[in-house]
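Trainee: All I have is the shape, not the residue letters:
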């Protein structure tokens with residue numbers, strides 16, 4: 001059952017940095033931007049919401065302005081760390097993390113995008129779409 005906060009979706013405009021970023025100040029600035037954007041969205045969407053230690057899933061989509069040079073998996077940890085205390089108590093609550101890059105030449109087709117994802121699809125790049133959800137129906141997948 002979805003609570004008032006979840007799904008928690010927001011966009012961060014800018015190029016995500018990885019843990020391997022040479023300039024630590026830039027990395028900390030990126031994490032602060034993610035955190036501030038998440039806090040702003042949470043306060044707007046669900047003021048006074050208390051975080052619970054429930055299992056969650058995360059999606060991170062990076063809409064890049066050009067082919068990216070690094071590995072897409074390197075952008076995940078700074079984003080998830082920035083959301084501790086914002087979207088969840090601890091990132092250990094995340095049972096599933098899906099990350100995907102969409103470079104300019106990538107054809108994108110979502111059957112039924114949420115309003116926020118539709119905004120990401122139309123946004124100027126670089127943009128990062130983040131979704132945290134307590135809907136764990138994916139556990140029912142039969143292989």
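Mentor: Received, thanks. Remember, it's a predicted structure, so these values are computed and weren't measured experimentally. Numbers count the residues shown, from 1 in each chain.
Trainee: Just give me the longest helix of the chain.
Mentor: Selection of the longest helix in the chain by residue count, based on DSSP state H, yields helix 24-45.
Trainee: need the contact list for residue 31.
Mentor: 78, 79, 81, 82 (Cβ atoms under 8 Å, 6 or more residues apart in numbering). Bear in mind the C-beta positions are built from the backbone N, C-alpha and C, glycine included.
Trainee: And for residue 88, the neighbour number?
Mentor: 24 (other Cβ atoms under 10 Å).
Trainee: my read: it touches residue 51, true?
Mentor: Yes. Counting by Cβ atoms under 8 Å, residue 88 does reach residue 51; the two are 6.0 Å apart.
Trainee: Run through the helices of the chain in chain order.
Mentor: Using DSSP H, helices in the chain cover 24-45, 76-82, 115-122.
Trainee: Buried residues, the longest helix of the chain. List them.
Mentor: Buried residues in helix 24-45, counted by 16 or more other Cβ atoms under 10 Å: 27, 30, 31, 33, 34, 35, 37, 38, 39, 41, 42.
Trainee: contacting residues for residue 97?
Mentor: Here residue 97 is in contact with 57, 58, 59, 60, 76, 80 (Cβ under 8 Å, 6+ apart).
Trainee: how about a cut-off of 7 Å?
Mentor: 58, 76 (Cβ atoms under 7 Å, 6 or more residues apart in numbering).
Trainee: tell me the pLDDT at it?
Mentor: On pLDDT, residue 97 comes in at 97.
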